[in-house]
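>>> missing the sequence, but the structure's below:
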Ligand code: MG
């Protein structure tokens, strides 16, 4: 996937992809993780992006790839140490994303205190829908999310359940990294994560934002 597409027809070159872990309490509980004081932040490379309608290629170096449905925030304006009050001025749009995670490999790496990058950043690990411009979303902190796998609802939540709001996420991340146009922030996943298998069809939807449909080889 070379470019982020907007529903308006505009295209944007993708920048860095920054993920937020443990942002929904029900998902923290299902994995038995601690509630973080500081946001849990990781990056995925641009080669992880997969366009709507694409095919996830399960890597051969892990056995358990989990789906994580997430609201993606697309940055439209450069900023460093952005305040929460001004954070939404830096948002160009929103999209439906999957933060695919090799859970078995991630668990092994976590136990050893090692970085998770290879569990989060493999090719096709970041399917991303067509984006909607920010002004078409009334409140990014109150959107229903749903993921169906083979027609069955697996994840259902609302961004109002996020422990950190979109504004707080942008403020905290921009404290560490300069945010630039094309950067993509993945805001965390609600409960219901589970293994995907060859032949599965994944359909994500977020109210006011859109839909994403991908298959698994
Ligand atoms: Mg995630």
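Right, received. Where do you want to start? It should be emphasised that the depicted structure is a prediction, and the values quoted were computed from it without experimental measurement. Numbering: from 1, shown residues only.
>>> Check the nearest residue to residue 80 once chain neighbours are set aside and give its pLDDT.
Across the structure, with CB to CB, 6 or more residues apart in numbering as the measure, the residue nearest residue 80 apart from its sequence neighbours is residue 178 (4.6 Å). Just so you know, the C-beta spots here come from the backbone N, C-alpha and C atoms, and that holds for glycine as well. At residue 178, the predicted lDDT confidence score is 98.
>>> ditto for residue 2
Listed pLDDT for residue 2 reads 84.
>>> show me the contacts for it.
Residue 2 makes contact with residue 13, according to CB atoms under 8 Å, 6 or more residues apart in numbering.
>>> Do a quick rundown of the helices in this protein.
Per DSSP state H, the chain carries helices over the ranges 25-31, 103-111, 117-120, 166-176.
>>> Kindly reformat those as a markdown table containing distance to the ion and mean neighbour count.
Written out in a markdown table, the entries for these read as follows (distance: least, CB to the ion, whole Å; neighbours: other CB atoms under 10 Å):
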| stretch | distance to the ion | mean neighbour count |
| --- | --- | --- |
| helix 25-31 | 8 | 15 |
| helix 103-111 | 10 | 16 |
| helix 117-120 | 8 | 20 |
| helix 166-176 | 12 | 19 |
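>>> mind checking which of those helices is nearest residue 198?
Shortest separation from residue 198 across these is recorded for helix 103-111, at 16.2 Å, computed as CB to CB.
>>> what about the residue most central in space within the chain, distance to residue 2?
Of all residues in the chain, the one closest to the mean position by CA atoms, centre = their mean is residue 186, 3.2 Å from it. Relative to residue 2, residue 186 is positioned 19 Å away (criterion: CB to CB, to the nearest Å).
>>> give me phi/psi at the residue of the chain found nearest the ion?
Across the chain, no residue is closer to the ion than residue 99, which sits at 3.4 Å (CB to the ion). Backbone torsions for residue 99, taken as degrees, to the nearest 10, come to phi -100, psi 80.
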